[in-house]
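Asks: I need the structure of the sequence given here:
(one chain, ligands or ions: 1)
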Amino acid sequence: MSLSRRQLLSGFAAASVIAAAGPALATETPRWSPGLDNAPVDGFAEAGMRLLSGRAPRALAGEHYRNGPGWFRYADSATGHWFDGDGFVQRFAIEDGRARHSGKFVDTPKRRLEQREQRIVMPGFGTRGDRNAAIEGPDSMNAANTSVMIVGDELWALWEGGSPTRMDPRSLATLGVRPLRADLASMPFTAHPKVEPNGRIWNLGIYGDRCIVWRLSPNGAVEDAQIIQLPTRSYVHDWAVSERHLIIPLQPWIHDRMTAPMVDGFTWHGDQPFRVLVLDKNDYSNRRVYELPAMFFFHTGDAWEDADGAIRFDLCASANADFVTHQARSMITQETGQTPSAELVLAVLHADGRAELQRSGRYGEFPQTDRRRQGRARDLVSIVDDRAVSRLGLMNWRTGAYAEHDFGADQMVQEHLFVTKPGRTNERDAWLVGVTLNAREQATELHVFDAAGVGDGPIATWRSPYRAPLGFHSTWKDA
Ligand SMILES: [Fe+2]
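Replies: Numbers count the residues shown, from 1 in each chain. Sure thing, here's the model as predicted:
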């Protein structure tokens, strides 16, 4: 049985109907909607995961953190979009061949208010909210639900419209919202910061046709923050850096109407190009704009510069914005719909101003690359393969080789991160560590692959005695 992601997502409603019809039928159809149920209000206390198969390498020791929406509805009100659930952070700790799991909601002002009132109050990306909600600034609505990163001795839960939220990486206790600088307290900070091999952090914050470019030290202190003018408005969820440049893709999905919910104010302008703004890291006035055919994307892999001066970056691109405008809503409202697949492509920005796309013929999302090589030349990118939601794929751009593992129809795969093998430098000398939701077992599983042998399947798999929410993004911290 092979389900594409669009079939799977549009199957949420059907799965619910079947579930209501009786347990016999329900067991015959994958049921993904539990990944979008509310997580337990108190989260999951730390507990061991059961080793299902294989054996973890002794040298693999650290923590895999994930973030994603984990609370969607109260008795009489619900979020209107997958992107608006309250942030739920999970910790998978691996040590001495064993794995432990815990999870907690990010204790945001938004969540406190809504838990107290037992209803959805704040507006969100696709949620109308209460028109009388007391909004003091972006962080009043901050769901802290999109990504997570380690900065110094803190864990930051990230959203794209407001400030990071500080957490304790061991206990997952929320320490509070962290405005990066007092005079810039309401400025956005995207959920996809880029960390150079030396630890320096770059990030953007988009508002209208302007953008703040953040440069932070490895411990999170603001080294520089400048506001630049963009050549066009656009929805910028992710971006890329190379060794010398900041690369800001500007897709023709444009917020051109103030309306609630926010997502309804965007228009797809398929007659306009997909622009790419390239800035010199040392002088933002030294800029160039490239043009590619119209396409929609959420995520890039990463960028690098070749000896011929060309900048290359991979991204998962689809023909239009139907996923975000329709499908990610129907996952919550359980209406049916279709969404286009995203193809893994390599954008090539030549030194002479030309731009072109190199296609892979592979479809998926959540591209991941070796973060030791952020902005540096590399060959590999992993994706959650879209032909069947149960597959992990590893593309080699240099050779064209593609390795994949199919977990089987009951599994929904989430992004798998490159984890460096101690003392090794080759890109293939890494493990891929990630999570799946096993719908048949109603359980969350943690997997380790050897990057050099993805097709051989996981070298270790653990299972929790419960299911945790699906999520978006993750990070790894070496022990
Ligand atoms: Fe993302």
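Asks: ok, Tyr290 touching Gly353?
Replies: Yes. Using C-beta atoms under 8 Å, Tyr290 makes contact with Gly353 at a distance of 7.0 Å. Bear in mind the C-beta positions are built from the backbone N, C-alpha and C, glycine included.
Asks: and these two? which has more neighbours close in?
Replies: The neighbour comparison of Tyr290 against Gly353 (other C-beta atoms under 10 Å) goes to Tyr290, with 22 against 10.
Asks: so what's the closest residue in space to Thr174 that isn't next to it in sequence scoring on pLDDT?
Replies: Excluding its sequence neighbours, the residue lying closest to Thr174 (C-beta to C-beta, 6 or more residues apart in numbering) is Asp107, at 3.7 Å. Predicted confidence (pLDDT) for Asp107: 98.
Asks: got it, and Pro169?
Replies: For Pro169, the pLDDT comes out at 98.
Asks: again, but for the one 10 residues further on
Replies: Here, the pLDDT recorded for Pro179 equals 88.
Asks: what about it, helix or strand, and which?
Replies: Pro179 is part of no helix or strand, with elements assigned from DSSP states H and E.
Asks: got the contact list for the residue lying closest to Phe88 once chain neighbours are set aside?
Replies: Residue nearest to Phe88 in three dimensions, not counting chain neighbours: Gly70, with 2.6 Å by C-beta to C-beta, 6+ apart. Gly70 makes contact with Asn38, Ala39, Gly85, Asp86, Gly87, Phe88, Gly103, Phe105, Asn145, Ala468, Pro469, Gly471 under the criterion C-beta atoms under 8 Å, 6 or more residues apart in numbering.
Asks: Most neighbours among those, which one is it?
Replies: Neighbour counts for the contacts of Gly70, by other C-beta under 10 Å, peak at Asn145, which reaches 35 neighbours.
Asks: Just grab the bridge partners of the residue lying closest to it once chain neighbours are set aside for me.
Replies: Using C-beta to C-beta, 6+ apart and skipping residues adjacent in sequence, the residue nearest Asn145 is Gly87, 3.5 Å away. Per DSSP bridges, the residues bridged to Gly87 are Pro69.
Asks: Gly87 and Asn67: what is the separation?
Replies: From Gly87 over to Asn67 the distance is 6 Å, taken as C-beta to C-beta, to the nearest Å.
Asks: Are there residues contacting both of these two? Which ones?
Replies: Val106, Ala144, Asn145, Thr146, Ala157.
Asks: quick one: the second one from Leu216, how far?
Replies: It stands for Ala144. Ala144 is 18 Å from Leu216, where distance means C-beta to C-beta.
Asks: The two - which one has more neighbours?
Replies: Taking other C-beta under 10 Å, Ala144 and Leu216 do not tie; Ala144 has more neighbours (32 against 21).
Asks: which residues of the stretch 51-200 of the chain fall in helices?
Replies: Shown for the stretch 51-200 of the chain, the helices assigned by DSSP state H, counting those that start in this stretch span residues 109-117.
Asks: residue ranges of the strands in it, please?
Replies: With DSSP state E, counting those that start in this stretch as the criterion, the stretch 51-200 of the chain has strands at 62-69, 87-95, 98-105, 147-151, 154-158, 165-167, 174-177, 194-195.
Asks: and the shared contacts of Gly87 and Asn67 as CSV, adding distance to Pro231?
Replies: Converted to CSV, the shared contacts of Gly87 and Asn67 look like this (distance: C-beta to C-beta, whole Å):
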residue, distance to Pro231
Val106, 35
Ala144, 31
Asn145, 30
Thr146, 26
Ala157, 31
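Asks: Show me which pair in those is furthest apart.
Replies: Across the shared contacts of Gly87 and Asn67, the longest distance by C-beta to C-beta is 10.6 Å; it joins Val106 and Thr146.
Asks: Which neighbours do those two have in common?
Replies: The contact lists of Val106 and Thr146 share Asn67, Gly87, where a contact means C-beta under 8 Å, 6+ apart.
Asks: Of the two, give the one with the bigger neighbour count.
Replies: Here Val106 and Thr146 are compared on neighbour count by other C-beta under 10 Å; more neighbours surround Val106, at 27 against 22.
Asks: That one and Thr165 touch, don't they?
Replies: Yes. Look at Val106 against Thr165 with C-beta under 8 Å: they come within range, at 5.4 Å.
Asks: joint contacts of those two?
Replies: Common contacts of Val106 and Thr165 (C-beta under 8 Å, 6+ apart): Gly87, Ala144, Ala157, Thr174.
Asks: Out of these, which comes closest to Gly220?
Replies: Using C-beta to C-beta, the shared contacts of Val106 and Thr165 come closest to Gly220 at Ala157, 13.6 Å.
Asks: pLDDT value on the closest one, please?
Replies: Note for Ala157: predicted pLDDT of 98.
Asks: ditto for Gly361
Replies: pLDDT for Gly361: 92.
Asks: if I look at it, how far off is Tyr402?
Replies: Look at Gly361 and Tyr402: by C-beta to C-beta, they are 9 Å apart.
Asks: Tell me where the stretch 351-479 of the chain is predicted with low confidence.
Replies: Along the stretch 351-479 of the chain, the model assigns pLDDT under 70 to residues 387-389.
Asks: for it, what spans make up the strands?
Replies: For the stretch 351-479 of the chain, the strands defined by DSSP E, counting those that start in this stretch cover 355-368, 380-385, 391-396, 402-406, 411-420, 430-438, 443-450, 460-463, 473-478.
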